[in-house]
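Undergrad: Following is a predicted model, sequence given first.
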Amino acid sequence: MGKIVEVRNLFKSFGKQEVLKGIDLDVEDGEVVVIIGPSGSGKSTFLRCLNLLERPTSGEVYVDSFLLTDRKANIDKIRRNIGMVFQQFNLFPHMSVMKNIMLAPIDTKLLTKEEASLKAMSLLERVGLADKADAYPRQLSGGQQQRIAIARALAMNPDVMLFDEPTSALDPEMIGEVLNVMKDLAGEGMTMVIVTHEMGFARDVADRVIFMDDGVIVEEGKPEDIFMVASEDRTRQFLSRVL
Amino acid sequence: MGVARVLREALPLLYQGILVTVQITAASLLIAVVVGLLVCLLGMSKIKLFSIISKFYIWLIRGTPLLVQTFFVYFGAPQLIQSFGIDFRLTAYSAGLIALSLNAGAYIAEIFRGGIQAVDSGQMEAARSLGLTKASSMRHVILPQAVRISVPSLVNQMIITLKDTSIISVISLADIVYQAKIYIGRTMESFATWTVVGVFYLVVVTVLTFLSNYAEKKMSYGKNS
């Protein structure tokens, strides 16, 4: 098993406010890492540093052993191997579901038009939305939109998938369908880094749970250890509030 | 005071003017859209000189009346160029076209800028995180949505430019207003002539408004189905 993601001594400030204060993390091939923590703890910012949607103030990020934080790195090329799913889905509203999924593989010349179309259909079947191929995003429910967003990211055959609170904008009855797709993905061996407030999901699916607070990793470990016998006070306090 | 007489006598004359008005409006808007997009993209460039040029241009155009701009293009600029010993003249049509294009271009640049800024920032993030280059993201994701947002303002600018062509008649561009003035000078039929001219503008603006509502509906991506 190789390392997919390596983070070394990562710092990030917005103006004078220091949001990330020295983070180190390795993610192994096929590992599912879930990051939990109170809001404002820096977990979303950290995730966004992993594909350089935020540029770290200092420190190093490697994905597939490419140094992302190098100013000369071909960031567009490295990002093709990093799927990202957003809280607000961010589907392209002016394109049909099919076009949403096919845009990136075709534009980056990863696939031909015909290949991309086949790939899109098989991904739609995988997320249970084959009948929505020609629909536009705003005709879909939030849960359906998020499943399409996952399919769109998968169309690039990424080596790792990042999820930034993928169920936080959803009505409660739609959370399950999105988590199920993610669970299947984890079962198929996809490397995943997930920021979420769904503790039940973290317990079921995570290989490793990371608790962040105030810009640092306070504690990490197997889910049963973190949820049952957390060693840090801050972790226990947080968990007692959310569980 | 005979509307019937004006319709009979003046219409052929006014018709020539209408052709010029419509032609110069369409031509200057086409150029203005290109100028506008260019100025807008220059303004968003990270290269400081580009954004300064863009800001200066918009500042200059917005800060002066079209009438002054027209006189400057037709009389002012040629005189400056001639003072270097170069024989340079513009026809009224070219000068009018340049003035209108530069004028509308500045406003359209601002319309596009507003449209681009109105597109949710998550759209650019989603496109970039899929590995699209910045240019590709702009072309496939941001600009189509920005244009859609800009349509009502663009139509508004079309209407303004159409009416602004009447100002160009001061440099003897033979538009509908110029023809109307000539006809009135001969016949004193002020009321009927200006009524006909007014109706022409109203009809064109009404048609444009209908077209824009139709276009807006067409581009609403499954909102109504």
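TA: Yep, it's here.
Undergrad: Help me confirm that B:Tyr107 comes into contact with B:Gln157.
TA: Yes: applying Cβ atoms under 8 Å as the test, B:Tyr107 and B:Gln157 come out as touching, 5.5 Å apart. For every residue, glycine as well, the C-beta is placed using N, CA and C.
Undergrad: Who has more neighbours out of the two?
TA: Between B:Tyr107 and B:Gln157, B:Gln157 has the larger neighbour count (other Cβ atoms under 10 Å in any protein chain shown), namely 23 against 20.
Undergrad: Going by neighbour count, which residues of the strand or helix carrying the more buried one are buried?
TA: If you go by DSSP states H and E, B:Gln157 is part of helix B:143-168. By neighbour count on 16 or more other Cβ atoms under 10 Å in any protein chain shown, the buried set for helix B:143-168 is B:143-151, B:153-155, B:157-159, B:161-162, B:164-168.
Undergrad: check these against chain A, which are close?
TA: B:Pro144, B:Gln145, B:Arg148 (Cβ under 8 Å from any Cβ of the partner chain).
Undergrad: Now the last one. Nearest residue, chain neighbours left out?
TA: Yep, that's B:Arg148 we're talking about. Nearest non-adjacent residue to B:Arg148, counting by Cβ to Cβ, 6 or more residues apart in numbering or on different chains: B:Met219, 4.9 Å away.
Undergrad: ok, how many other residues are close to that neighbour?
TA: B:Met219: 15 surrounding residues under other Cβ under 10 Å.
Undergrad: and it, what does it touch?
TA: A:His94, B:Arg148, B:Val151 (Cβ atoms under 8 Å, 6 or more residues apart in numbering or on different chains).
Undergrad: Residue numbers of chain A in contact with chain B?
TA: Near chain B, when you scan chain A using Cβ under 8 Å from any Cβ, you find A:51, A:53, A:76-77, A:79-80, A:82-84, A:86, A:88, A:90-94, A:103-104, A:107-108, A:135-139, A:149, A:152-153, A:156.
Undergrad: In helices, which of those appear?
TA: The helices, defined by DSSP state H, take in A:Asp76, A:Lys77, A:Arg79, A:Leu103, A:Ala104, A:Asp107, A:Ala149, A:Arg152, A:Ala153 from those.
Undergrad: Pick out the one among these with the largest number of neighbours.
TA: For these, neighbours tallied by other Cβ under 10 Å; top is A:Arg152, 28 neighbours.
Undergrad: thought it was touching A:Met95?
TA: No: look at A:Arg152 against A:Met95 with Cβ under 8 Å: they stay out of range, at 10.1 Å.
Undergrad: if I look at those two, which residues touch both of them?
TA: With contacts taken as Cβ under 8 Å, 6+ apart, A:Arg152 and A:Met95 have no neighbour in common.
Undergrad: that older thread, just the pLDDT at the residue nearest to B:Arg148, thanks.
TA: Per-residue pLDDT puts B:Met219 at 74.
Undergrad: what's the distance between it and A:Met190?
TA: Computed as Cβ to Cβ, to the nearest Å, the B:Met219 to A:Met190 distance reads 37 Å.
Undergrad: Kindly report the same for A:Val216.
TA: Taking Cβ to Cβ as the measure, A:Val216 and A:Met190 are separated by 27 Å.
Undergrad: where does chain B have low pLDDT?
TA: Applying pLDDT under 70 to chain B picks out residues B:1, B:221-225.
Undergrad: quick check: longest helix of it.
TA: Max-length helix for chain B by DSSP H is helix B:3-43.
Undergrad: and the angle for that helix with helix B:143-168?
TA: Orientation check (axes from the mean of the first three to the mean of the last three Cα atoms, to 10 degrees): helix B:3-43 against helix B:143-168 gives 130 degrees.
Undergrad: from the middle of its chain, how far away would the helix or strand that helix B:3-43 is followed by be?
TA: Heading C-terminal from helix B:3-43, the first helix or strand you meet, by DSSP H and E, is helix B:48-62. Offset of helix B:48-62 from its chain centre (Cα atoms, centre = their mean, to the nearest Å): 18 Å.
Undergrad: buried ones in helix B:48-62?
TA: By neighbour count on 16+ other Cβ under 10 Å, the buried set for helix B:48-62 is B:Ser54, B:Tyr57, B:Ile58, B:Ile61.
Undergrad: Mind checking what secondary structure the nearest residue to the third one once chain neighbours are set aside has?
TA: This points to B:Ile58. What sits nearest to B:Ile58 in space, not counting adjacent residues and going by Cβ to Cβ, 6+ apart, is B:Ala106, at 4.8 Å. When classified by DSSP: H, G, I helix; E, B strand; the rest coil, B:Ala106 comes out as helix.
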